[in-house]
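A.B. asks: no sequence on this one, just coordinates:
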């Protein structure tokens, strides 16, 4: 890969992580000749500084003038915004199917979504049990450098509503997955649960479902969800999770088996 191609790759990674608006903000700072330390702090959102630094470092390595680098970034942002504006939504179901009304299965969609992730993958689930096709897909994602974050409920948080092994145990076989939870001391209401079930790939694909990440939820029960490609919904979901982490509402979870 040439230094110019490395810059182009950094730009694509940045727009996938930050979105078109924030990439244009970086382009504006570069065009205006802001020093690196000021450009890195230009937008106060999680991950901006890291993505911006990768772009600036690649620009320096490629010896690209500020005007040329800014123009390229604006072009990438415009293309991303146009693609993101084309929103596609489809229904997703677990459980029995019918021949007269074909629908996509939760199991198929979830594994495909994990397989599409290039930079970032976020999962949230209330209950979780080992489901091998998902674990295989997660292992492959980690292997190709995807940052995988899974937010789970805990037995303590669920009270008597969950029994057996900790939901986090379902992911113990996948090295490299970051586990997070909602600590009980961060819950303003007694009995509140971490009940969300979503998956987000690269802030561009969002699956919202009633299905937990269990064999029953993914394949056996009748569960319903929506798969959203493009638009602001995947971005906002990822940003909301990132902000909950940044504010300490969600905390890292250490699970030793």
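C.D. replies: Great, that's in hand. Quick caveat: nothing in here was measured; it's all calculated off a predicted structure.
A.B. asks: going forward, measure contacts and count neighbours with C-alpha atoms only.
C.D. replies: OK.
A.B. asks: Which stretches in the stretch 51-200 of the chain count as helices?
C.D. replies: Using DSSP state H, counting those that start in this stretch, the helices assigned to the stretch 51-200 of the chain run over residues 66-85, 106-116, 132-143, 155-158.
A.B. asks: Indicate which one of the ones you listed is closest to residue 17.
C.D. replies: helix 66-85 (11.3 Å; CA to CA).
A.B. asks: got the contact list for the residue located most distally from the centre of the chain?
C.D. replies: Distance from the centre of the chain peaks at residue 100, with 34.0 Å (CA atoms, centre = their mean). Contacts for residue 100 (CA atoms under 8 Å, 6 or more residues apart in numbering) come out as none.
A.B. asks: quick thing: my sequence starts at 6, can you match it?
C.D. replies: Yes, from this point I'll number from 6; that puts the last item at residue 105.
A.B. asks: Read off the pLDDT value for it.
C.D. replies: Turning to residue 105, the model gives it a pLDDT of 78.
A.B. asks: comparing the helices of the stretch 56-205 of the chain, which gets the lowest mean pLDDT score?
C.D. replies: helix 71-90 - the lowest mean pLDDT of the helices of the stretch 56-205 of the chain, at a mean of 88.
A.B. asks: What is the three-state secondary structure of residue 39?
C.D. replies: Recorded secondary structure, residue 39: coil (DSSP: H, G, I helix; E, B strand; the rest coil).
A.B. asks: what's the neighbour count on it?
C.D. replies: Counted by other CA atoms under 10 Å, the residues lying close to residue 39 total 15.
A.B. asks: so how far is residue 165 from it?
C.D. replies: When distance is defined by CA to CA, to the nearest Å, residue 39 is 55 Å away from residue 165.
A.B. asks: residue contacts, the closest residue to residue 143 other than its chain neighbours?
C.D. replies: Counting by CA to CA, 6 or more residues apart in numbering, the nearest residue to residue 143 once its immediate chain neighbours are dropped is residue 119, at 6.6 Å. Counting by CA under 8 Å, 6+ apart, residue 119 touches 126, 139, 142, 143, 146, 206.
A.B. asks: from what I can see the last one touches residue 120, true?
C.D. replies: No. Counting by CA atoms under 8 Å, residue 206 stays clear of residue 120, with 9.0 Å between them.
A.B. asks: Pick out whichever of these two has more residues nearby.
C.D. replies: Neighbours were counted for residue 206 and for residue 120 using other CA under 10 Å; residue 206 has more, 26 against 17.
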